[in-house]
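Participant: please find the sequence and the predicted model below.
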Number of protein chains: 2
Amino acid sequence: MKRHAQFSKRTLLFSLPFVLFATTLLFSHCTARDSEKELTELQERALTFTQPLPDDAFLEGMNRSEELIELGKMLFYEPRLSKSGLISCNTCHNMATFGVDQLPVSVGHMWQKGPRNAPTVLNAALHTTQFWDGSEPDVESQALMPILDPLEMAATREHVLAVLGSMPEYVDFFRRVFPDEDNPLIYENVGVAIGAFERILLTYSPFDDFLRGDANALSDSQKQGLRTYIDTGCHSCHGGPALGGRTFSMFQTPAELASGESDIGRFDVTGNELDKHVFKVPSLLNIKKTYPYFHDGSEWSLHETVRVVAKDMLQQELTTTEINEIVAFLGTLTGEIPAYALELPVLPPSTPKTPRPVFD
Amino acid sequence: MKRHAQFSKRTLLFSLPFVLFATTLLFSHCTARDSEKELTELQERALTFTQPLPDDAFLEGMNRSEELIELGKMLFYEPRLSKSGLISCNTCHNMATFGVDQLPVSVGHMWQKGPRNAPTVLNAALHTTQFWDGSEPDVESQALMPILDPLEMAATREHVLAVLGSMPEYVDFFRRVFPDEDNPLIYENVGVAIGAFERILLTYSPFDDFLRGDANALSDSQKQGLRTYIDTGCHSCHGGPALGGRTFSMFQTPAELASGESDIGRFDVTGNELDKHVFKVPSLLNIKKTYPYFHDGSEWSLHETVRVVAKDMLQQELTTTEINEIVAFLGTLTGEIPAYALELPVLPPSTPKTPRPVFD
């Protein structure tokens, strides 16, 4: 009962800033465009291949309630979804470190290593497919996979539903959030809720301000970096609002080429020979914070990553100056993690019916 | 030897604030008493063995700056302190679940299990010693141990200092927080900072309101539970502001007795035969949320825990009604986790000098 009061209080608290924010955003957006009679040539060029992040209209249009988002946040931080009771989504997508674990590959149940580097959950909803191999269409379906992966959270659907069904707080929450469903506590709805939370994980950055009309949001050297980024052709793959996450490319990392063991990539999903070693082009938003790089997490240096990708994908040997310029631009893609996402939810207590953690 | 020096310095630093604290407590206590013309008989009885939690004057009087507390929070949530880069204090002392991992024993580096149940960090600073065996005197020294424990975070002092020294944000932070020290980035200061954060982790509960003079903070059945708690004699060990954490008792759990393998307890620390199977009496604050119970985490039911402890420690066979009453009272010890502690800090990015995670 106390929790109910707490949620409604939070909802109230939570909605006001959002309204204010939406208004401010809309206003600042219009003002920016109005006050800048015309965009600079560089802004115009940038807007040919990318767009500002969506604003609240995007979220509202999706018909996702604040309660659904709050439920999704609880589930995102809920370690009891895992077989061991120890691993939550946040273990590998740590919000304190920009939605990644900063490890080459993630460590899951029984200290097993996953096959690929964990991408950030920040702005992930802007990708047109999920996972490095594009095997899932959206964050709602993506969120359901690591929970069941024997290498990651190692749970079963039955375990997840037994855990959530054992706590009245969760049962009531699912009922409130999915009022029209006879049986709201189904595994798919876990994904619907976590996905709703992920959809608000948008990080507004100086580059976003630049695209919205503030030509001074970038320094001269960062603008030069943007020019080099475009002139090199980076934008041809790293475009769209997330600067990536929309297309696929064949790519083998230097580490893979050296070892002779390369990840088969999207071939696993499509069975198409042309998809061998093909991966989703990663988003560049917050790229300075989401090291190490590549699908195998084999490269820690952003400079080296830029050099390798320009050479392999664009057949360009960049100078150190050009690389530095591009990295300076990439720094403008670091945004603010929404404060709401950083506030840990207090999770409801287990009951005698809650399945006990299993460590092996 | 180094440890002794460390402790005496710390003892000096901390004794003054504690005197201030005692004075403040006495004073605030008197004020509370004045405003309520008279306390009920039950409140008077309770105040013979416990006190309200210290208030803000306690924290201010301790001369701990907000910056030190913020640094401590960052370190508490910092997985790069561990060898793997995956495990932070918060992994086993999850703030979302009342400062515990809700596991019988914790899981650390390489999925190794620890020997004892992880106690909550909430209100831990009120204990007169730390760890189940009382092997450390305060939260400052306690915090340093799991980082180095091969079963837990598996780091070395050198690793921790290399990690922190590699990031300008941390180097500057230590300089600001310890302005009088030539070399502020020493391992002991990691403990000083984490300890400062832990000292604010006080959870004010309905029982605390009751002790401060609000006789209606407890329902009739909760008051009956408090009477039964006292009449049974629980308060004789579970007293003080944390209702425990101040004395030691010999105790073997039913699971240990059944298996014939009992934890040696405090004997490991003192080498005294009388300390065999002796453990610190745990605090009861937030006890409903910090399951499973006992030093081996072998019991999930609070009812059963109350029954076993009353029988083994007080030679009392409680009725189901009496157990229910006591559990109703224990529910009033659930407090509010400070919102500040639940707000994840955004951690500074690694640099090329930051040691890489090691998984084995």
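Facilitator: Sure, I can see it.
Participant: in the stretch 151-300 of chain A, which residue sits nearest chain B?
Facilitator: A:K289 (5.4 Å; C-beta to the nearest C-beta). All C-beta atoms are positioned from the backbone trio N, CA, C, and that covers glycine.
Participant: what backbone torsions are found at that residue?
Facilitator: phi -100, psi -10 (degrees, to the nearest 10).
Participant: count of residues packed around the closest residue to it other than its chain neighbours?
Facilitator: Closest residue to A:K289 apart from its sequence neighbours, by C-beta to C-beta, 6 or more residues apart in numbering or on different chains: A:F98 at 3.9 Å. Neighbourhood size, A:F98 [other C-beta atoms under 10 Å in any protein chain shown]: 25.
Participant: how near is A:F98 to B:P79?
Facilitator: Going from A:F98 to B:P79 by C-beta to C-beta, to the nearest Å gives 13 Å.
Participant: and for A:S205?
Facilitator: For A:S205, the distance to B:P79 - C-beta to C-beta - is 24 Å.
Participant: again with A:L122
Facilitator: From A:L122 to B:P79 the distance is 17 Å (C-beta to C-beta).
Participant: higher neighbour count, those two?
Facilitator: Neighbours were counted for A:L122 and for B:P79 using other C-beta under 10 Å; A:L122 has more, 26 against 23.
Participant: surely the more buried one meets A:F98?
Facilitator: Yes: the pair A:L122 and A:F98 qualifies as a contact (C-beta atoms under 8 Å) at a distance of 6.1 Å.
Participant: pull up the overlap in contacts between these two.
Facilitator: A:N286, A:I337 (C-beta atoms under 8 Å, 6 or more residues apart in numbering or on different chains).
Participant: what does the stretch 151-300 of chain A put close to chain B?
Facilitator: A:K288, A:K289, A:Y291, A:W300 (C-beta under 8 Å from any C-beta of the partner chain).
Participant: identify all contacting residues around stretch A:148-160.
Facilitator: A:81-84, A:87-88, A:92, A:106, A:108-110, A:112-115, A:146-147, A:187, A:190, A:355.
Participant: report the contact partners of A:E140.
Facilitator: Listed by C-beta under 8 Å, 6+ apart, the contact partners of A:E140 are A:G191, A:V192, A:I194, A:G195, A:A196.
Participant: measure the residue in the stretch 101-250 of chain A that chain B sits nearest to to A:S298 for me?
Facilitator: Nearest to chain B, among the residues of the stretch 101-250 of chain A, is A:W111, at 3.8 Å (C-beta to the nearest C-beta). Separation of A:W111 from A:S298 (C-beta to C-beta): 20 Å.
Participant: kindly report the same for A:I337.
Facilitator: Counting by C-beta to C-beta, the gap from A:I337 to A:S298 is 26 Å.
Participant: neighbour count for those two, which is higher?
Facilitator: Each of A:I337 and A:S298 has its neighbours counted (other C-beta under 10 Å); A:I337 has more, 21 against 18.
Participant: right, and that one touches A:N94 too?
Facilitator: No: contact between A:I337 and A:N94 fails when scored by C-beta under 8 Å: they sit 10.8 Å apart.
Participant: now do the helices in the stretch 151-300 of chain A.
Facilitator: A:157-165, A:168-177, A:187-199, A:206-211, A:220-232, A:254-259, A:267-270 (DSSP state H, counting those that start in this stretch).
Participant: would you list those in JSON lines and tack on mean pLDDT?
Facilitator: Formatted as JSON lines, the helices of the stretch 151-300 of chain A follow (pLDDT from 0 to 100):
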{"stretch": "helix A:157-165", "mean pLDDT": "98"}
{"stretch": "helix A:168-177", "mean pLDDT": "97"}
{"stretch": "helix A:187-199", "mean pLDDT": "96"}
{"stretch": "helix A:206-211", "mean pLDDT": "98"}
{"stretch": "helix A:220-232", "mean pLDDT": "98"}
{"stretch": "helix A:254-259", "mean pLDDT": "98"}
{"stretch": "helix A:267-270", "mean pLDDT": "96"}
